[in-house]
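Undergrad: Sequence and predicted structure, then a few things I'm wondering about:
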Amino acid sequence: MPNWLQPLLQRMAQETAAVGPGQGANHVLLNVYRSGEGIMPHQDGPLYHPGVCILSLAAPAVMRFTRKRSSTDNESSGGRERLVASVALMPRSLLVFCGDAYHSCLHGIDEVDAEMLDETVVNMAALPQPGDTVLQRGGERFSLTVRRVLRTKNVLGLRK
Ligand SMILES: O=C(O)CCC(=O)C(=O)O
Ligand SMILES: [Fe+2]
């Protein structure tokens with residue numbers, strides 16, 4: 001890990017056990033999004049300890065958590081009816097998630113220039129003007145996604 005990341009990772013390890021109790025992070029991903037760019041709904045998967053910290057920098061965006069599609073869902077449904085929570089990713093904020101949000105939901109960022117703020121936004125108070133119905137993305141957003149990659153042999157069940 002580069003030196004400049006150490007204080008950040010130490011602070012995350014002190015304040016949350018989400019990325020691996022007692023162990024901390026060993027994997028940091030830098031993503032850059034221009035306004036209008038997003039990341040498709042996905043699950044971070046079994047190679048990681050099931051918890052993640054996302055530090056947001058520069059322009060804001062909104063992360064949408066959607067329930068995974070089940071066998072009884074209508075094939076043609078767009079996904080909005082499976083939306084369970086939205087989180088405004090404000091500059092210099094940290095999103096930590098694990099548990100159901102990690103295992104039972106997909107997370108993604110829409111490819112939009114302006115985010116609609118509806119009743120699914122769980123952190124309205126973090127917005128500059130609580131009560132606004134639109135959040136302009138405005139410019140480039142950088143995120144650091146901090147996780148712990150598990151030892152592959154453990155994940156595959158090969159270790160005794
Ligand atoms: O950039 C973000 O805020 C999310 C990134 C993400 O979900 C991922 O890298 O798995
Ligand atoms: Fe992700």
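TA: Received it, and whenever you're ready, just let me know what you need. Ligands and ions are numbered 1, 2, ... in the order given.
Undergrad: going forward, measure contacts between C-alpha atoms and count neighbours the same way
TA: Noted.
Undergrad: Secondary structure element for Leu135, which one?
TA: Using DSSP states H and E, Leu135 maps to strand 134-136.
Undergrad: got a list of contacts for that strand?
TA: 60-61, 113-117 (CA atoms under 8 Å, 6 or more residues apart in numbering).
Undergrad: same thing but at 10 Å, please
TA: For strand 134-136, contacts defined as CA atoms under 10 Å, 6 or more residues apart in numbering pick out 35, 59-62, 88, 112-118, 127-129.
Undergrad: now swap in stretch 82-90 and tell me
TA: Stretch 82-90 is contacted from outside by 54-69, 73, 95, 101, 105-109, 115, 117-128, 135, 141, 143, using CA under 10 Å, 6+ apart.
Undergrad: Kindly recompute the last result at 7 Å.
TA: By CA atoms under 7 Å, 6 or more residues apart in numbering, the residues outside stretch 82-90 that reach it are 56, 60-67, 120-123.
Undergrad: Stretch 39-49 too?
TA: Residues outside stretch 39-49 that contact it (CA under 7 Å, 6+ apart) are 19-20, 102, 106-110, 147-150, 155.
Undergrad: Which members of the residues you listed are classed as buried?
TA: 19-20, 102, 106-110, 147-149 (16 or more other CA atoms under 10 Å).
Undergrad: Any residue of the next helix or strand after the strand holding Leu135 touching ligand 1?
TA: Once strand 134-136 ends, the next helix or strand along the chain (criterion: DSSP H and E) is strand 141-147. Yes - contact of strand 141-147 with ligand 1 (CA under 6 Å from any ligand atom) involves 143, 145.
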